[in-house]
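Chemist: next input, structure requested:
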Amino acid sequence: MSKRLTACFAAIAAAAPIVTALAESPTTLYSFTAPPNGVRPAAGVVADKAGHLFGTTYTGAANGTGTVYELFPPTKNGASWSEKALHRFSGQLRGHYPQSALTLDADGNLYGVTANGSINDAGTVFALIKPAQTGKPWIEKLLLAFNGKKIGGTPYGGVVFGPGGNLYGTAGYGGDHGAGIVFMLHRNESAKTGWTETVLYSFSNGSDGGYPYSVPTFDAAGNMYGTTLNGGNAGNGVVFKLLPPTSGTAWTEQVLHSFDASTDGNFPRTGVILDANGNLYGTTENGGAFGWGTVFEVSPPTGGSTTWTETVLHDFDFGTDGGDPGQSTLVLDSSGNLYGTTEVGGTPKGGIAFKLSPPSGGATTWTETILTSFPSGTQPESGFIVTADGKLTGTTFFGGTNNQGSVYQLTP
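Modeler: Next up is the predicted model:
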């Protein structure tokens, strides 16, 4: 299983699920302490080639407005992981309270967003430039200061590199209609920040969706996929596709699924991932058969149809199988299994880590396996990445030795 996960991972169930026994307790790599260090990691981590982990804390540091941190693996058997704050957010105009995952480039530089700070408290896009010499400080660069108006505001999903080596992301508010945007940043040395923003699409909060909190996903053709928290036919959010322009700069939106009722999920927050066949997988924060969220699949048209099809793979019931997976990124392995977390539910109601296995042997429903159930109040909301050793690695907002949050691993 670990080899399959290492070979293929991406940032990815039935009305009557089969829930199996707990597999193991998580291994805590690091417990956050208290200011002046960061605490309360709301987002997951990214890993570099050396196995170092990078992430953000929502609060902590000297003035309580969050950090970017690096975790160093042990240098010998029996030693502990160690942490270093690479950046402490300190100024209103330069952003604060980060709650999204980071992106690494090929040179080891970090890119991220803050949903707060800047003009009108509308958030920022920032970079941390890796020093050329070990021990020197990382340098923060402000790439974009949102104002909550035409250029957007309140980015929650982070940024990713996409076509042309540009950075792409969403902002939850602002734009032409005030209901959020999809944006691109491209390098421009003549600009004050060295980058220039292009708004690719402005949501209206009508049938096209509204208030995107997700990070974009791209297919091989350069099409972009994502979700909006609201809008659509019933105001419960949509899964969308943006097609790049054949000329000019305007992208074209196609709504692939509009969440219409509580039975198919409400309020998709984190975006979707793609498998090799073009199927999309994601989670909803609420809704479903029991009101505690879903894992869903949206499949491309077949047989001459032009309609995409949504299938609910799992309904969470806040029992042993967890509840509210809406802030969890999903991981997909090469066997088609999905991995994620729920913020609450489980035996002590502190959230779970789960695996969803596709139907086999003539079955028609997906099977849920509880990998672990967290203590009450832990709140493992970030989902996973898969590190080079094949382990699932995530964060908890609370919990850890000091109840200030933790970074942990599970062996699937």
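Chemist: now the helices for the stretch 251-400 of the chain?
Modeler: Taking DSSP state H, counting those that start in this stretch as the criterion, the stretch 251-400 of the chain contains no helices.
Chemist: show me where it has strands.
Modeler: Along the stretch 251-400 of the chain, counting by DSSP state E, counting those that start in this stretch, strands occupy 252-258, 272-274, 280-284, 294-299, 309-315, 331-332, 338-342, 352-357, 367-373, 385-386, 392-396.
Chemist: tell me what the second one is packed against?
Modeler: Using 3 or more C-beta pairs under 8 Å, 6 or more residues apart in numbering; DSSP states H and E as the contact definition, the elements that strand 272-274 packs against are strand 217-218, strand 224-228, strand 280-284. Quick note: C-beta positions are derived from backbone N, CA and C, even for glycine.
Chemist: repeat that for the fourth one.
Modeler: For strand 294-299, the packing partners by 3+ C-beta pairs under 8 Å, 6+ apart come out as strand 280-284, strand 309-315.
Chemist: buried stuff in the last one?
Modeler: Residues of strand 309-315 classed as buried: Glu310, Val312, Leu313, His314, Asp315 (neighbour count, 16 or more other C-beta atoms under 10 Å).
Chemist: how about the shortest one?
Modeler: Neighbour counts using 16+ other C-beta under 10 Å place Leu280, Tyr281, Gly282, Thr283, Thr284 of strand 280-284 among the buried residues.
Chemist: from these, pick the one nearest Pro380.
Modeler: Pro380 lies nearest to Thr283 out of these, by C-beta to C-beta, at 13.5 Å.
Chemist: where does the closest one land on pLDDT?
Modeler: Turning to Thr283, the model gives it a pLDDT of 97.
Chemist: same question, Pro17
Modeler: Pro17 carries a pLDDT score of 49 in this model.
Chemist: tell me how far Thr341 lies from Asn403.
Modeler: Here the distance between Thr341 and Asn403 works out to 18 Å (C-beta to C-beta, to the nearest Å).
Chemist: typo on my end, it should be Leu71
Modeler: Relative to Asn403, Leu71 is positioned 19 Å away (criterion: C-beta to C-beta).
Chemist: Tyr408 is in contact with Phe32, isn't it?
Modeler: No. Contact status for Tyr408 versus Phe32: not in contact, 11.8 Å apart, counting by C-beta atoms under 8 Å.
Chemist: where does the prediction get shaky in the chain?
Modeler: Across the chain, residues meeting the criterion (pLDDT under 70) sit at 1-24.
Chemist: quick revisit: comparing Leu71 and Asn403, which residue is more hemmed in?
Modeler: Leu71 (19 against 16; other C-beta atoms under 10 Å).
Chemist: give the contact list for that one.
Modeler: Each residue near Leu71 by C-beta atoms under 8 Å, 6 or more residues apart in numbering is listed here: Leu29, Tyr30, Val45, His52, Leu53, Phe54, Gly55, Trp81, Ser82, Glu83, Val407.
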